[in-house]
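**Q** Structure of the sequence below:
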Amino acid sequence: MKTKTQQRLIKFLVEELAVPGDSVKLALRHSQENPTVLPMVLWKYGLINLRQLEKIWDWAENV
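**A** Numbering: from 1, shown residues only. Predicted coordinates:
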């Protein structure tokens with residue numbers, strides 16, 4: 001089950017950063033044991049760029 005913060009992060013990824021839903025789903029599967037690594041999984045697999053990763057960290061600081 002997704003936490004409220006994780007749901008908000010997914011919404012941010014899709015709506016603000018235009019990360020495709022399929023990319024998010026793939027990253028979620030690879031981060032099931034530790035959902036806090038979702039942004040790193042997206043970056044590791046080339047699904048987001050470094051600028052997007054920085055925006056995610058900025059967003060996370062303000063949550």
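**Q** Tell me if I'm right that residue 30 and residue 42 touch.
**A** No - contact criterion Cβ atoms under 8 Å: residue 30 and residue 42 do not qualify, at 9.2 Å. C-beta: built from backbone N, CA, C; applies to glycine.
**Q** Compare the two (neighbour count), which wins?
**A** Taking neighbours as other Cβ atoms under 10 Å, residue 30 and residue 42 compare with residue 42 leading, 25 against 15.
**Q** Spit out the contact partners of the more buried one.
**A** 13, 19, 23, 24, 27, 48, 52, 53 (Cβ atoms under 8 Å, 6 or more residues apart in numbering).
**Q** which one among these gets closest to residue 61?
**A** In terms of Cβ to Cβ, no member of the contacts of residue 42 lies closer to residue 61 than residue 53, at 13.1 Å.
**Q** ok, and what's touching the helix or strand containing that closest one?
**A** Element membership for residue 53, per DSSP states H and E: helix 50-61. Contacts of helix 50-61 with the rest of the structure, by Cβ under 8 Å, 6+ apart, involve 9, 12, 13, 16, 17, 19, 39, 40, 42, 43, 48.
**Q** coming back round to it: make a markdown table out of the contacts of residue 42 and add pLDDT.
**A** What follows is the contacts of residue 42, written out as a markdown table (pLDDT from 0 to 100):
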| residue | pLDDT |
| --- | --- |
| 13 | 97 |
| 19 | 97 |
| 23 | 96 |
| 24 | 96 |
| 27 | 93 |
| 48 | 97 |
| 52 | 97 |
| 53 | 96 |
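**Q** Restricted to helices, list those.
**A** In helices, defined here by DSSP state H, the members of these are 13, 23, 24, 27, 52, 53.
**Q** Which members of the residues you listed are the farthest-apart pair?
**A** Taking Cβ to Cβ, the two most distant members of these are 24 and 53; they sit 14.1 Å apart.
**Q** More neighbours: those two, which one.
**A** Higher neighbour count among residue 24 and residue 53: residue 24, with 19 against 16, using other Cβ under 10 Å.
**Q** need the contact list for the more buried one.
**A** 10, 13, 14, 42.
**Q** With adjacent residues omitted, what lies nearest to the third one?
**A** This means residue 14. Counting by Cβ to Cβ, 6 or more residues apart in numbering, residue 14 lies nearest to residue 21, which is 6.1 Å off, once chain neighbours are set aside.
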